[in-house]
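>>> Below is the structure, and that's it, no one-letter string:
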């Protein structure tokens, strides 16, 4: 990192890796970043990180990806640490002390040592690597909780009311340590396998690009936290669309009033405002295991948008339909337990537990026919995997005939529609079906398709 | 304006603003690269305060454009003083058309609004465009010329270019996604919640006379509340308010009763209060 040519290529490498993660960075920003490097110098790594983030990024959501990629391209050290690998017990002792002191610098050094000591696997140069999983499995930092807590208490570092918060605080520090170990292991692997490849493959994508169907529990929890801000954004977008749609005839009284500032010449006509008719929304969600992450997220999102509509009704099904609107009452809905509550309290399955779209659609038209009227927009959420049952197309056609619009959001990749037991193409002939694999697609669709 | 990042931190601290390294670095770069600074973050973390502090440090005049839904050219950029133009026309009845025409579109009849004010003149200025996300998309397009070239085009007068570039700060609460074109022209800074150490220093700075142990517990409880899944997590502003309240109540340590009684200062929704009480093991009375 001494010559300027080397630095320039490193910078463009970083930018390329960020682009591969879907961040839009133009040449102008790269030039700005280079200028920032010149102004800040290379002496302080954290300043450099902030400077590059300020010039290259445009939103806060991209920051985790940036941090991980930055660690690969501008590592704090190279190679193995120059200390003797410590034994497991000794390392645990020092980690406990660092956690008790909340000393992040020491924790970072320990993470480096830990990966070096316990993370290596494989014997031949072609197959060996560094594993954060193995390191954490050997070190078991989570079992240090009680010990650290007692140590802090013994020192009198936590008294009075704050004491009850201590355990959660230590848990967060341990979580932080786990993240450090992951970053360090990734860096060591990158040294061996080539930075560019690891930056593309081993850095987790931003939350809004994670596939609903493959998102883990933690990723889904992260997504749920974005529901409120996303709903707020969509509400603003809907309001803007509503405003634009409300262009109508000229309001003579207000036009004349406004013309007073131009000496009675009506230079700007004022248009009459139309009374907004709030549309109704019906959500028909498959909540069977395979797509429940997607359904839960969408239900929460629509519920968060409830004040945009005169009426929102939510129905869940696996192979029987039941109304779950009551379980989604605003504010009372506990996002984490929502899926379990729906499956626990609503009658969704008959004698078997696999999803049956045909039966569910049929039951919906029978029992809840009154839910769909000429002002209703219906969203069907699901992968249309019918387990080879009868797709019951007339039922869906009946809903389409009565509703204002019917849309189907399918969390599966378009190329997989119609493979295996998927009845997607058959349904897609009757209703507009959209691919909706991640939050980014969902928010684009919701912003476009929701009625105004 | 600044010589180094440390210089930024030190001088902002003198002006009563404790800047994190991220904030100091970005302010330094915005000054050096001459680019506008787009600040995002939750409400109450000191986005607007940053612009004010920079203005105090630089001894510059703060020009503020408060955005709202429906803010337009005539509120943001400039407006012709129609009434005065009409007076001018009726006063000069015997003049020829050409004289009148050239005269009524001169500087005298121009009402400068914040953006034009910030660009004209030689004194140092800080331009604060507050709550950009509240304005309509059309206003962003209006800003592009100002932000990239620091110039404003008035069709009747020509282009006004800044002789001295103002330091521009835009703030946004992210209720709406700002356009790529606007973001591209700015340095981006996300101000999140500060770490415990900085927050303690902020509390000491804003609430002088608070007991160190009390400040410590206040910050710890607020940190714990932020980790909970609440509808509205407490911000720095709420931390400071709470510390002030506790000081006014004469509480010198936190205990169950005090926390239960004053939880309303930091949490603004009833279900949040209930949730926090359950998690903090406060017995509801």
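On my side now, so go ahead. Because the structure is predicted, anything quoted here is derived from the model rather than measured. Numbering: from 1, shown residues only, chains lettered A, B, ... in the order given.
>>> What are the structural domain limits within chain A?
Split into domains by automatic domain parsing, chain A comes to A:4-73, A:88-194, A:227-245+A:277-449, A:247-275.
>>> Kindly reformat the ones you listed as JSON lines containing distance to chain B, mean pLDDT and mean neighbour count.
Where C-beta positions appear, they are placed from N, C-alpha and C, glycine not excepted. Formatted as JSON lines, these follow (distance: least, Cβ to the nearest Cβ, whole Å; pLDDT from 0 to 100; neighbours: other Cβ atoms under 10 Å in any protein chain shown):
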{"stretch": "domain A:4-73", "distance to chain B": "4", "mean pLDDT": "89", "mean neighbour count": "18"}
{"stretch": "domain A:88-194", "distance to chain B": "4", "mean pLDDT": "80", "mean neighbour count": "17"}
{"stretch": "domain A:227-245+A:277-449", "distance to chain B": "5", "mean pLDDT": "82", "mean neighbour count": "18"}
{"stretch": "domain A:247-275", "distance to chain B": "5", "mean pLDDT": "80", "mean neighbour count": "12"}
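>>> Could you take these and lay them out as a markdown table, with extra columns for distance to residue B:4?
As requested, the domains of chain A are exported to a markdown table (distance: least, Cβ to Cβ, whole Å):
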| stretch | distance to residue B:4 |
| --- | --- |
| domain A:4-73 | 9 |
| domain A:88-194 | 23 |
| domain A:227-245+A:277-449 | 36 |
| domain A:247-275 | 51 |
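>>> do you know which of the ones you listed lies nearest residue B:214?
Of all the domains of chain A, domain A:88-194 sits nearest to residue B:214, with 9.8 Å by Cβ to Cβ.
>>> so how far is that closest one off the chain centroid?
Distance, stretch centre to chain centre, for domain A:88-194: 26 Å (Cα atoms, centre = their mean, to the nearest Å).
>>> Could you do stretch B:98-115 as well?
Computed by Cα atoms, centre = their mean, the chain-centroid distance of stretch B:98-115 equals 31 Å.
>>> and that stretch, which residues are buried?
In terms of neighbour count (16 or more other Cβ atoms under 10 Å in any protein chain shown), stretch B:98-115 has its buried residues at B:100, B:104-105, B:109-110, B:112-115.
>>> touching chain A at all, it?
No. Using Cβ under 8 Å from any Cβ of the partner chain, stretch B:98-115 stays clear of chain A, with a minimum separation of 11.8 Å.
>>> Show me the one of the domains of chain A that comes nearest residue B:14.
Taking the domains of chain A one by one with Cβ to Cβ, domain A:4-73 is closest: 20.6 Å.
>>> Please state the offset of the closest one from the chain centre?
With Cα atoms, centre = their mean, you get 23 Å for domain A:4-73.
>>> Do me a favour and get the end-to-end distance for it?
End-to-end distance of domain A:4-73: 15 Å, with Cα to Cα, to the nearest Å as the criterion.
>>> now stretch A:17-24
This stretch, stretch A:17-24, spans 11 Å end to end (Cα to Cα).
>>> what residues are up against residue A:108?
Contacts for residue A:108 (Cβ atoms under 8 Å, 6 or more residues apart in numbering or on different chains) come out as A:76, A:180.
>>> try 10 Å this time
When contacts are counted by Cβ atoms under 10 Å, 6 or more residues apart in numbering or on different chains, residue A:108 touches A:76, A:98, A:176-177, A:180-181, A:183-184.
>>> mind putting those residues in TSV, secondary structure included?
Converted to TSV, the contacts of residue A:108 look like this (DSSP: H, G, I helix; E, B strand; the rest coil):
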residue	secondary structure
A:76	coil
A:98	helix
A:176	helix
A:177	helix
A:180	helix
A:181	helix
A:183	helix
A:184	helix
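>>> Nearest to residue A:161, out of these: which one, please.
Set against residue A:161, the nearest of these by Cβ to Cβ is residue A:176 (23.8 Å).
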